[in-house]
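Participant: build me a model:
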Amino acid sequence: MKQAELKFPIVVDNDRKNWIAWGNTMWPTVYLIDKEGYVRTWWMGELDWKGAGKQEVMKKHIRSLLAE
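Facilitator: Predicted structure coming up:
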């Protein structure tokens, strides 16, 4: 995290407890959580797998939440 200068929370889930609690079926799964702690949107799988374009969609969601 330090080397990549990542500033967001990262969960280490060696025992898969979070994986099971969140009902994950795919890795990676991206969750966008608002400032109140609610999951506002998510995407299972790589954001831009085969040109899916979800990275841009997530950026729009993030800008919208930051404006709230």
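
Participant: now name the helix or strand holding residue 60.
Facilitator: helix 54-67 (DSSP states H and E).

Participant: centre-most residue in the protein?
Facilitator: residue 30 (2.4 Å; C-alpha atoms, centre = their mean).

Participant: ok, back up a step: contacting residues around the helix holding residue 60?
Facilitator: 30, 32, 34-35, 40-41, 43, 47-48 (C-beta atoms under 8 Å, 6 or more residues apart in numbering). Any C-beta I mention is one placed from the backbone N, CA and C, and that applies to glycine too.

Participant: most widely separated two among those?
Facilitator: Maximum pairwise distance in those, criterion C-beta to C-beta, is 26.0 Å, between 35 and 48.

Participant: partners of residue 42 in the sheet?
Facilitator: residue 31 (DSSP bridges).

Participant: contacting residues around it?
Facilitator: Counting by C-beta under 8 Å, 6+ apart, the residues that residue 42 touches are 29-32.

Participant: at 10 Å instead, please
Facilitator: With contacts defined as C-beta atoms under 10 Å, 6 or more residues apart in numbering, the neighbours of residue 42 are 22, 24, 29-33, 58.

Participant: buried subset of the residues you listed, written for PyMOL?
Facilitator: Buried residues among the contacts of residue 42 (16 or more other C-beta atoms under 10 Å), as a PyMOL selection:
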select buried, resi 24+58
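
Participant: turn the contacts of residue 42 into TSV, columns for pLDDT and distance to residue 2.
Facilitator: TSV is the format used below for these (pLDDT from 0 to 100; distance: C-beta to C-beta, whole Å):
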residue	pLDDT	distance to residue 2
22	90	26
24	91	26
29	89	24
30	89	22
31	90	23
32	92	24
33	91	23
58	91	24
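
Participant: buried set for the helix holding residue 60?
Facilitator: 54, 58, 61.
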